[in-house]
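**Q** Here is the input, now give the coordinates:
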Amino acid sequence: MKTRISKAIFPVAGMGTRFLPATKSVPKEIMTLVDRPLIQYAIDEARAAGIKEFIFVTTRGKSALEDYFDQAPELESALRKAGKDDLLEILKTTNMDSGAIAYIRQQRALGLGHAVWCAHRLIGNEPFAVMLPDDVIAAETPCLQQMVEAHAETGGCMVAAMEVPPSKASSYGILDIKDDMGSMVSVKGMVEKPPAGTAPSNLAVIGRYILTPRVMNNLNQIKPSAGGEIQLTDAIAMEVTEGRPVYGYRFRGERFDCGSKAGFLQATVAFGLARPDLRDEFSGYLQQLLSMRDAAQ
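**A** Here you go, the predicted structure:
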């Protein structure tokens, strides 16, 4: 019988320096995309995939993140008295049941692999998901749900993957493909940020993972890279080396890199235009801007 994926790790210990000065006082994960913080998109995706236990790997200065998922009795009471039931329902989606959420501190910035390893005691001996909130994916069926359904047939480790231009391959973890089965590929190796011109493919790893508990053991064994970080891709690649299956899953949807300013702006436009309550006014404004730019040229 296949083991259900019920736990997800959210590594959110980064300082968000690319968004300074905003992130001086506000965690990057709380920055708002339209009217929801980035972390809410990841939580909603995880819930759709059947995740029941949410593990956040944090660091100092992230108290706003913890407060976001707590109940707000005074605000709820004010909304209830004002008869704003629609807002109350929206607020409920941000609340976490007692015991469903845990916070682990990453004391030193030793990379993504180390952040994931920090949660090993809460994972135990069962497969788990890892979600990077910077990667926001617009999809009819949420990305992690697609992966969980595929994983039920394959087992092993699975990473979300998408084609990237060869010129950008050096910015990603890249899959070395053994067999290409369309939406799924079997993997014979993984290379983290390969030098230009050396990438084994242009199929890049994106911030969604389903991993076996053995990956935690691998993380405990591997040595830091030249930059002093423990790479998650190295721990997954060990599974291939030891003869266990690793798959790349070409998800259906559009990924936005909200860890960059340009990607955040692109996501804002895309998600704004997708909203029925905003689409007409927002698209009209964008068309007006384009017309003014064209006239100026």
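**Q** What's the separation between A196 and F10?
**A** 32 Å (CB to CB, to the nearest Å). In this view, the C-beta of every residue, glycine as well, is placed from N, C-alpha and C.
**Q** now do A296
**A** Taking CB to CB as the measure, A296 falls 44 Å from F10.
**Q** which of the two has more neighbours?
**A** Between A296 and F10, counting by other CB atoms under 10 Å, F10 is the more crowded of the two (25 against 6).
**Q** Pull up the per-residue confidence for the more buried one.
**A** pLDDT for F10: 95.
**Q** residue contacts, the residue nearest to it when sequence neighbours are not counted?
**A** Computed as CB to CB, 6 or more residues apart in numbering, the closest residue to F10 that is not its neighbour in sequence is F56, at 5.0 Å. Contacts here follow CB atoms under 8 Å, 6 or more residues apart in numbering; on that basis F56 touches F10, V12, L65, E66, I101, A102, Y103, I104.
**Q** got the residues you listed as a markdown table, with secondary structure and distance to V159 columns?
**A** Below are the contacts of F56 laid out as a markdown table (DSSP: H, G, I helix; E, B strand; the rest coil; distance: CB to CB, whole Å):
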| residue | secondary structure | distance to V159 |
| --- | --- | --- |
| F10 | strand | 16 |
| V12 | coil | 19 |
| L65 | helix | 25 |
| E66 | helix | 28 |
| I101 | strand | 25 |
| A102 | strand | 24 |
| Y103 | strand | 25 |
| I104 | strand | 22 |
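**Q** now these in a markdown table, with distance to E149?
**A** Below are the contacts of F56 laid out as a markdown table (distance: CB to CB, whole Å):
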| residue | distance to E149 |
| --- | --- |
| F10 | 21 |
| V12 | 26 |
| L65 | 29 |
| E66 | 31 |
| I101 | 25 |
| A102 | 26 |
| Y103 | 29 |
| I104 | 28 |
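**Q** And the buried ones among those residues, selectable in PyMOL?
**A** In PyMOL syntax, the buried subset of these is picked out as below (16 or more other CB atoms under 10 Å):
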select buried, resi 10+12+65+101+103+104
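**Q** Tell me the backbone dihedrals of the residue nearest to F10, please.
**A** Here is the backbone geometry of F56 (degrees, to the nearest 10): phi -100, psi 130.
**Q** Quick check: longest helix in the protein by residues?
**A** Ranked by residue count and defined by DSSP state H, the top helix of the chain is helix 279-296.
**Q** what does that helix contact?
**A** V269, G272, L273, R275.
**Q** Would you mind checking those for buried ones?
**A** G272.
**Q** export the contacts of helix 279-296 to JSON lines and tack on pLDDT, distance to E89 and secondary structure?
**A** Listed next are the contacts of helix 279-296 as JSON lines, based on pLDDT from 0 to 100; distance: CB to CB, whole Å; DSSP: H, G, I helix; E, B strand; the rest coil:
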{"residue": "V269", "pLDDT": "94", "distance to E89": "27", "secondary structure": "helix"}
{"residue": "G272", "pLDDT": "93", "distance to E89": "21", "secondary structure": "helix"}
{"residue": "L273", "pLDDT": "94", "distance to E89": "24", "secondary structure": "helix"}
{"residue": "R275", "pLDDT": "91", "distance to E89": "17", "secondary structure": "coil"}
